[in-house]
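> Test case, fold it:
(one chain, ligands or ions: 1)
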Amino acid sequence: MGYKETLLSPIKIGNKECKNRFFAQPMECVDSDAEGNPTDLTYQRYENLYKGGFGLVDLEAITVTNESRARKTQLEIMPRNEKALANFIKKLKEVNPDTLIVFQLTHSGEISEPDFSRRVCVKPTYGLGGDILTEEEVDHIMDQFVLASKIAESVGADGIDMKLCHGYLGSQIIRPYNDRDWKYGGSWENRSRWAYDLMERIKKNVSKDFLIGSKMSMWEGYPGGFGSAGPDSPLMDMTEPIDLIKGLEERGASYFVESLGNVHAAMNYMECLKDGSELSYLHIYFADLMKKALKPETVVIGSHFSPFRGKKNKLLSIDPEKSGIFPMGARCIEDGMMDMIGLGRQSFADPFTPAKLAEGREDEIHYCTMCMNCEELMIRQQPVGCVTYNKPYTQRFVECRKQFGKVNELHT
Ligand SMILES: Cc1cc2nc3c(=O)[nH]c(=O)nc-3n(C[C@H](O)[C@H](O)[C@H](O)COP(=O)(O)O)c2cc1C
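Numbering: from 1, shown residues only. Next comes the predicted model:
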């Protein structure tokens, strides 16, 4: 089978049919209105992904609370947002009824921006800190996630992604560094309680076909982060991550999105800079690890495919005909390392990537240049889009640099 056939073949996720193997990664774009509702700008982005033929779209990190959040104009999912979200999904489904959409539910915890919200943590991390959360507060946050799942279903989403990646609250609770002796910390039993109880509660509150899955950093990539051997250990240890995905699968998860890294401490692992393209291979390894640990029907989605680009990438020693996103992605699927491929920065560079492949217009695809200017816009709390190929964002970036100067480190 050629790569086109593989990538355009359908796959079942839970009881739903996904029309191809293209997954649009959740990409925060800081363009909601003051109440956290999608704006025209938000709609345009998703309309393009729907027209572009992605099989599954993960709506960017949408916060279950307004109190603690990472972006000033971040999408929010609370009762006051229900009407706007319902309208948003209705319009998208009219554009393309085949594309599935899940909402990535999040709470930013220690990554919350203290300039406009409350930074909270489960145990202060060097360089971050925040008010220490009580058990009652975490119980309340769990209630907010459950409510958000019910809202997601009522507004027409196909499922949710329980965010356990990149150092946001979900990661903060499950990581070994959370060795505080409390209901949600210390032993693995206590740390995993957050994810397991939440999954069970969501499951009880939604219909049986509603998809529940999770994007997770299998290894956060710094001492004490998730996937390390102890609260301050620099050693990688996959015992807990593997246990977690199996436990979530038993409780009803039908898909997982592989990821690595932490937005504060190890960003290159989650989205490498221009010179780190070979880190994509690490992601393939972890996706494969997940795939082998789970039941065959549980869908595993691989991440970090943007660096493969078209035939012109920074990957040496392999035939360019084999190293582009399409041949590499198809190979990973055909060899059983994963079921779908996630496109993040590439979905900014060209939201029509799947449609262009399907229509034999591969030579018209714009490939991500890995400039990371999209990330810089996000750090500056500006609406985010592709600075290279999308003129209004190029203009915004130029103004942003004039006003704030260059970001020294691509950390949030
Ligand atoms: C501007 C920007 C926003 C992002 N927002 C999110 C997000 O909301 N949730 C998430 O899980 N990952 C987020 N990511 C990470 C991507 O989803 C993806 O995992 C990463 O970029 C690697 O994939 P890629 O090589 O295809 O870009 C973001 C990345 C960028 C550059």
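> neighbours of whatever residue of the stretch 201-350 of the chain ends up closest to the ligand, just the number please.
Going by Cβ to the nearest ligand atom, the ligand is nearest to residue 344 of the stretch 201-350 of the chain, at 2.7 Å. All C-beta spots, glycine's among them, are computed from the backbone N, C-alpha and C. Using other Cβ atoms under 10 Å, residue 344 has 22 neighbouring residues.
> Spell out, range by range, the helices that occur in the stretch 201-350 of the chain.
Remark: helices assigned in the stretch 201-350 of the chain by DSSP state H, counting those that start in this stretch are 239-250, 267-270, 280-293, 320-323, 325-334, 345-349.
> who in this protein is up against the ligand?
Applying Cβ under 6 Å from any ligand atom, one finds that the chain approaches the ligand through 25-28, 60-61, 104, 165-166, 215, 259, 270-271, 303-307, 342-346, 374-375, 378, 384.
> For the chain, name the helix or strand with the lowest mean pLDDT.
helix 320-323 (a mean of 90; mean pLDDT, DSSP states H and E).
> For it, give me every contacting residue.
308, 311-313, 315, 327-328, 331 (Cβ atoms under 8 Å, 6 or more residues apart in numbering).
> Show me how to select, in ChimeraX, the buried members of the residues you listed.
Buried subset of the contacts of helix 320-323, written as a ChimeraX selection, criterion 16 or more other Cβ atoms under 10 Å:
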select :308,313,315,327,328
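> would TSV of the contacts of helix 320-323 with pLDDT be doable?
Shown next, in TSV, are these (pLDDT from 0 to 100):
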residue	pLDDT
308	96
311	80
312	83
313	83
315	88
327	96
328	97
331	97
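> what's the domain layout of this structure?
Per the record, the chain has its domains at 3-370, 374-406, by automatic domain parsing.
> out of these, deepest packed?
domain 3-370 (a mean of 20; mean count of other Cβ atoms under 10 Å).
> Distance across it, terminal residue to terminal residue?
24 Å (Cα to Cα, to the nearest Å).
> Can you report phi and psi for residue 395?
Torsion angles at residue 395 (phi, psi; degrees, to the nearest 10) stand at phi -60, psi -40.
> OK, contacts around it?
Counting by Cβ under 8 Å, 6+ apart, residue 395 has no contacts.
> again, but for residue 9
Contacts of residue 9 (Cβ under 8 Å, 6+ apart): 20-21.
> per-residue confidence for it?
Looking at residue 9, its pLDDT stands at 98.
> any idea which helix or strand carries it?
Using DSSP states H and E, residue 9 falls within no helix or strand.
> counting contacts, what elements does the lengthiest helix in the chain pack onto?
Using DSSP state H to define each element, the chain has its longest helix at helix 135-154. Using 3 or more Cβ pairs under 8 Å, 6 or more residues apart in numbering; DSSP states H and E as the contact test, the elements touching helix 135-154 are helix 82-95, strand 100-106, strand 159-162, helix 188-205.
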